[in-house]
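**Student:** structure, please.
(one chain, ligands or ions: 1)
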Amino acid sequence: MRVHTSWGAARELRNRTGQDRAGRPDFPRTGGTSGPWAGSTAGVTSGTRDGDPRRSVRTAVDNACVTAPDQLRLLAVHAHPDDESSKGAATMAKYVAEGARVLVATCTGGERGSVLNPAMDRPGVWERLPQIRVEEMARAREILGVEQEFLGFVDSGLPEGDPLPPLPEGCFALVPVEEAAAPLVELIRRFRPQVVTTYDERGGYPHPDHIKTHDISVHAFEAAGDPDRYPELGEPWQPSKLYYHMSFTLPRTKALHEAILAAGAESPYGEWLENWDPAHDISHRVTTRVPCAEYFPVRDAALIAHATQIDPEGRWFACPMETQQEVWPTEDYELARSLVDTTQPEDDLFAGIRTEVVVR
Ligand SMILES: [Zn+2]
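**Tutor:** Below you'll find the predicted structure:
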């Protein structure tokens, strides 16, 4: 399930656009650094190496992308097949429609998932679940218009019980970060995204694979641009921005709840809201709201393609789409790291990149 890109193709693309005209792996970009991690020097290296001008003065910022608008590339890192359709799917569909390339990296095959749709809980499904999830992912990928690759790790499952049972041997969550991030570093260097999206440090929700997805995304974001790290995995490439999904916030749920009640219908969110500890709300972290209501139908179609995981009668569809489009027409993110200048709040994951000017 490899996408039709290769290091050679990426290089060819770059040559076509003249970005490589100085014969360096990348042009240094202009502009400063902003965002919560401004000033961080993690992953930055510099200095002349081996007297080779091609490798001189390479810094993380130097490796950040300078590009033309028709080359925008977004990499969305997810834990399981279906996560891409429930987190940021409308955003991805929007950027695909605008001509960007969007690649989903799916860390695991979702092998330890359950059949969560009663209509699919039938003989023949459980036995073939891993294969079915690959087929569902292929359909969702087509619906969203994205490219997609599996990173090849094995689902850790969601441990349940008190005390929690140990994680299964060999699962994604147990692979050391340095090793687990390697396929993602290779992918970043091959696909060369300007923007990477992932989960926050709590995984968005406490599934060990989601937390691990966060860990390897941050690690790979730092490492991919550093020629001293994973030198065997391709030419360094430093993405410019790293985002965390922030769509499931208290204000959004409240707004949807109130709109449903105002329409005289029964809200599915009452119990959630009663149990929602405001201390655990993440809405104050939102820096970026991407308007994408037009693509909510695409998102929902992609979700439904994951037929074993998504119950069309279930909570994902409990709020009418029109209500969502009217009341909360965005998908929301936290800009966790940026190597380009942007003004917050943002409404575009590529803000600060579209307007980059190649000056050298
Ligand atoms: Zn998941």
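
**Student:** what lies in contact with the helix or strand containing residue 335?
**Tutor:** Residue 335 belongs to strand 330-338 when elements are defined using DSSP states H and E. For strand 330-338, the surrounding residues in contact (Cβ atoms under 8 Å, 6 or more residues apart in numbering) are 33-38, 40, 88, 90-91, 197, 200, 218, 221, 240-247, 249, 252, 282, 285-293, 342, 344, 346-347, 349, 352. (Each C-beta comes from the backbone N, C-alpha and C, glycine too.)

**Student:** can you go through those residues and name the buried ones?
**Tutor:** 33-35, 37, 88, 90-91, 197, 200, 218, 221, 240-247, 249, 252, 282, 285-290, 292-293, 342, 346, 349, 352 (16 or more other Cβ atoms under 10 Å).

**Student:** which of those fall in strands?
**Tutor:** Counting by DSSP state E, the buried ones among the contacts of strand 330-338 place 197, 241, 242, 243, 244, 245, 288, 289, 290 in strands.

**Student:** for residue 220, what are its contacts?
**Tutor:** Neighbours of residue 220 in contact, by Cβ under 8 Å, 6+ apart: 181, 184, 185, 188, 196.

**Student:** between these, which sits nearest residue 265?
**Tutor:** Nearest to residue 265, judged by Cβ to Cβ, of these is residue 196 at 38.3 Å.

**Student:** just to revisit the earlier point, taking strand 241-245 as reference, get the angle to the strand holding residue 335.
**Tutor:** Angle of strand 330-338 versus strand 241-245, following axes from the mean of the first three to the mean of the last three Cα atoms, to 10 degrees, is 140 degrees.

**Student:** next one: strand 330-338 to chain centre, how far?
**Tutor:** 11 Å (Cα atoms, centre = their mean, to the nearest Å).

**Student:** hey, where'd the helices end up in the stretch 151-300 of the chain?
**Tutor:** 177-180, 182-191, 208-223, 250-262, 270-275, 296-305 (DSSP state H, counting those that start in this stretch).

**Student:** same question, the stretch 1-150 of the chain
**Tutor:** Under DSSP H, counting those that start in this stretch, the stretch 1-150 of the chain gives helices at 7-17, 60-63, 83-86, 89-97, 129-144.

**Student:** how many residues are close by the residue of the chain found nearest the ion?
**Tutor:** Nearest to the ion, among the residues of the chain, is residue 80, at 3.7 Å (Cβ to the ion). Residue 80 has 26 neighbours, counted by other Cβ atoms under 10 Å.

**Student:** hang on, isn't it packed against residue 106?
**Tutor:** Yes: between residue 80 and residue 106 there is a contact at 6.8 Å, judged by Cβ atoms under 8 Å.

**Student:** low-confidence ranges in the chain?
**Tutor:** For the chain, the stretches with pLDDT under 70 are 1-70, 355-360.

**Student:** next to the ion, which bits of it? Give me the list.
**Tutor:** Taking Cβ under 5 Å from the ion as the contact definition, the chain meets the ion at 79, 80, 83.

**Student:** do that again at 8 Å, thanks
**Tutor:** Proximity of the chain to the ion is confined to 78, 79, 80, 82, 83, 110, 113, 207, 209, 210 under the rule Cβ under 8 Å from the ion.

**Student:** next up, phi/psi of the third one, please.
**Tutor:** Backbone dihedrals for residue 80, given as degrees, to the nearest 10, come out at phi -130, psi 160.

**Student:** ok, it - contacts?
**Tutor:** Taking Cβ under 8 Å, 6+ apart, one finds 106, 107, 108, 109, 110, 113, 133, 155, 209 in contact with residue 80.

**Student:** show me which of those is closest to residue 139.
**Tutor:** residue 133 (10.8 Å).

**Student:** isn't that closest one up against residue 114?
**Tutor:** No: assessed by Cβ under 8 Å, residue 133 is found out of contact with residue 114, at 11.1 Å.

**Student:** compare the two (neighbour count), which wins?
**Tutor:** Neighbours were tallied for residue 133 and for residue 114 using other Cβ under 10 Å; the higher tally belongs to residue 133 (24 against 13).

**Student:** using CSV, write out every CA atom in stretch 230-242.
**Tutor:** This file holds the C-alpha atoms of stretch 230-242, laid out as CSV (Å, rounded to 0.1, in the frame of the first residue of the first chain):
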residue,chain,number,x,y,z
TYR,A,230,18.9,8.6,10.8
PRO,A,231,21.5,9.3,8.0
GLU,A,232,20.5,6.1,6.2
LEU,A,233,16.9,7.2,5.8
GLY,A,234,17.2,9.8,3.0
GLU,A,235,18.1,13.4,2.5
PRO,A,236,17.1,15.7,5.4
TRP,A,237,13.8,17.5,5.2
GLN,A,238,12.5,19.9,7.8
PRO,A,239,8.7,20.4,7.8
SER,A,240,7.8,24.0,8.7
LYS,A,241,4.8,23.5,11.0
LEU,A,242,3.5,20.9,13.4
